[in-house]
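Colleague: sequence and predicted structure are below.
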Amino acid sequence: MSKTKKLLLCFSVIICGLLLVTGCDSTKNDSSKSEDKNASEEVLKKDIPEGEYGDMGNGEFYISTPSGTSENGNIPVFFVDEDTLACKDYESGVDLGINAWGFDGSKLYTIYVDGISQGTEQLVDTQTSLFVSEKLTTVGVHKVEVLQFDDNNNVVTYKSAQYEIKTK
């Protein structure tokens, strides 16, 4: 085999190898872009029990943020960097202050943010925080609802408050 043919053969093998590697990478990038798109389009399903609720039951409840509280119908604000809202590489979110007193400690309560359960616990006289994940941390006003249930799963206490997310 001549020297020129050997060089052409080596060159062809190198080009084919580069095409294969590039093809695999672009496929990977396309699928990860597709997965990112699907994840961002994921619709969170509300799991709050159906019904029209008004303030009812014993107890007081309000939320707090660095800008204030929801007492007296106020809507406290979180200021978040726009870059933080756009970055999905880590678990971001906000810590929401929960303040409650006078609830019936013999009944469980569930906190919902925008209709999505954040967990079921006992609530009596409490000052704690609730981490709200980035899925529920979008610009706009968000609703926090506390429901207490009796042994038959009927709502006996309902309290709500709102907070707002704004970009800096």
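Modeller: Received it, and whenever you're ready, just let me know what you need.
Colleague: which stretches of the chain have low pLDDT?
Modeller: Residue ranges of the chain with pLDDT under 70: 1-44, 83-92.
Colleague: repeat the analysis, applying 90 as the threshold.
Modeller: 1-53, 66, 78-95, 103-108, 119-126, 128-139, 149-154, 167-168 (pLDDT under 90).
Colleague: for the longest strand along it, C-alpha coordinates in CSV please.
Modeller: Counting by DSSP state E, the longest strand found in the chain is strand 155-167. Below are the C-alpha coordinates for strand 155-167, written out as CSV (Å, rounded to 0.1, in the frame of the first residue of the first chain):
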residue,chain,number,x,y,z
VAL,A,155,-62.0,19.6,57.5
VAL,A,156,-62.5,21.2,60.9
THR,A,157,-60.0,24.0,60.7
TYR,A,158,-59.0,26.2,57.7
LYS,A,159,-56.5,29.1,57.8
SER,A,160,-54.7,30.7,54.8
ALA,A,161,-52.2,33.4,54.0
GLN,A,162,-50.3,34.6,51.0
TYR,A,163,-46.7,35.5,50.1
GLU,A,164,-45.2,37.0,46.9
ILE,A,165,-42.0,36.3,45.0
LYS,A,166,-40.4,39.2,43.2
THR,A,167,-37.1,39.5,41.3
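Colleague: in that strand, what counts as buried?
Modeller: Val155, Val156, Thr157, Tyr158, Lys159, Ser160, Ala161, Tyr163, Ile165 (16 or more other C-beta atoms under 10 Å). For glycine as for every other residue, the C-beta is placed from the backbone atoms N, C-alpha and C.
Colleague: tell me if I'm right that the first one and Phe149 touch.
Modeller: Meaning Val155. Yes. With contact defined as C-beta atoms under 8 Å, Val155 reaches Phe149; the gap is 6.1 Å.
Colleague: from Asn74, how far out is His142?
Modeller: Distance of His142 to Asn74, given as C-beta to C-beta, to the nearest Å: 14 Å.
Colleague: can you show me the helices along this protein?
Modeller: 3-40, 82-86 (DSSP state H).
Colleague: about what we covered before: ok, the buried residues of strand 155-167 vs Phe131, which is closest?
Modeller: Nearest to Phe131 out of the buried residues of strand 155-167 is Tyr163 (C-beta to C-beta; 13.4 Å).
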